[in-house]
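S.K.: Sharing a sequence plus its predicted fold:
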Amino acid sequence: MIPTTGHRGPHPPKGSTMSDFDDVIGRYIASWNERDPQRRRTAIEQIWTEDATYTDPPVDVAGRDAIDGMIAAVQGQFPDFSFRLGGPVDAHHHIGRFTWELGPEGGEAVVVGFDVAVLDDTGRIKSVLGFLDKIPAA
């Protein structure tokens with residue numbers, strides 16, 4: 001394998017550009033912040049495949065209904081917090097990785113995580129694998 005420089009890979013999903021990958025991840029983060037259940041569900045249907053999966057240390061779910069329920073549960077657990085990207089999306093082929101933060105608007109992040117998203121050929125998310133780097137003390 002030949003090392004490359006920069007964080008942009010040469011092969012975005014078929015028919016997409018790397019800015020499209022950034023857009024999908026931006027909409028992914030926005031869906032975690034969408035408090036209106038109907039708008040959140042619409043966003044989920046637009047960015048996730050029907051049989052998508054999401055796995056992180058506390059949860060392993062499949063399908064849009066389960067993903068929607070998981071996001072609603074996290075919003076219930078952290079009602080005054082919002083998600084934001086912690087840096088640029090690093091992507092190649094159909095895979096992107098990014099750091100995210102959860103905390104009060106304009107405040108220090110209480111939770112920090114690292115996700116790897118896999119897109120299908122249409123540019124929809126088919127899986128996310130998450131890792132938690134910082135969590136609140138119990």
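M.R.: Yep, it's here.
S.K.: Which residue is the nearest non-sequential neighbour of the residue nearest the centre of the chain?
M.R.: Taking CA atoms, centre = their mean as the criterion, Tyr28 is the residue nearest the geometric centre of the chain, at 4.8 Å. Nearest-residue entry for Tyr28: Ile47, 5.9 Å, with adjacent residues in sequence omitted and distances by CB to CB, 6 or more residues apart in numbering. C-beta coordinates here come from the backbone N, C-alpha and C atoms, glycine included.
S.K.: Confirm for me that the one you found is in contact with Val24.
M.R.: Yes. Assessed by CB atoms under 8 Å, Ile47 is found in contact with Val24 at 5.9 Å.
S.K.: Spit out the residues that contact those two alike.
M.R.: 124-125 (CB atoms under 8 Å, 6 or more residues apart in numbering).
S.K.: The residue nearest to the centre of the chain - that's part of a helix, no?
M.R.: Yes. Checked against DSSP: H, G, I helix; E, B strand; the rest coil, Tyr28 lies within a helix.
S.K.: From Pro136, how far out is it?
M.R.: Between Tyr28 and Pro136 the computed distance is 23 Å (CB to CB, to the nearest Å).
S.K.: What is the burial count for the residue nearest to Tyr28?
M.R.: Taking other CB atoms under 10 Å as the criterion, the count of residues near Ile47 is 23.
S.K.: Look up phi and psi at it.
M.R.: Note on Ile47: its backbone torsions stand at phi -110, psi -20 [degrees, to the nearest 10].
S.K.: pLDDT value on it, please?
M.R.: What the model reports for Ile47 is a pLDDT of 97.
S.K.: Over to Ala137?
M.R.: Ala137 carries a pLDDT score of 80 in this model.
S.K.: Within its local environment, how many residues does it see?
M.R.: Using other CB under 10 Å as the criterion, Ala137 is surrounded by 3 other residues.
S.K.: Can you classify it by secondary structure?
M.R.: With three-state DSSP as the basis, the three-state label of Ala137 is coil.
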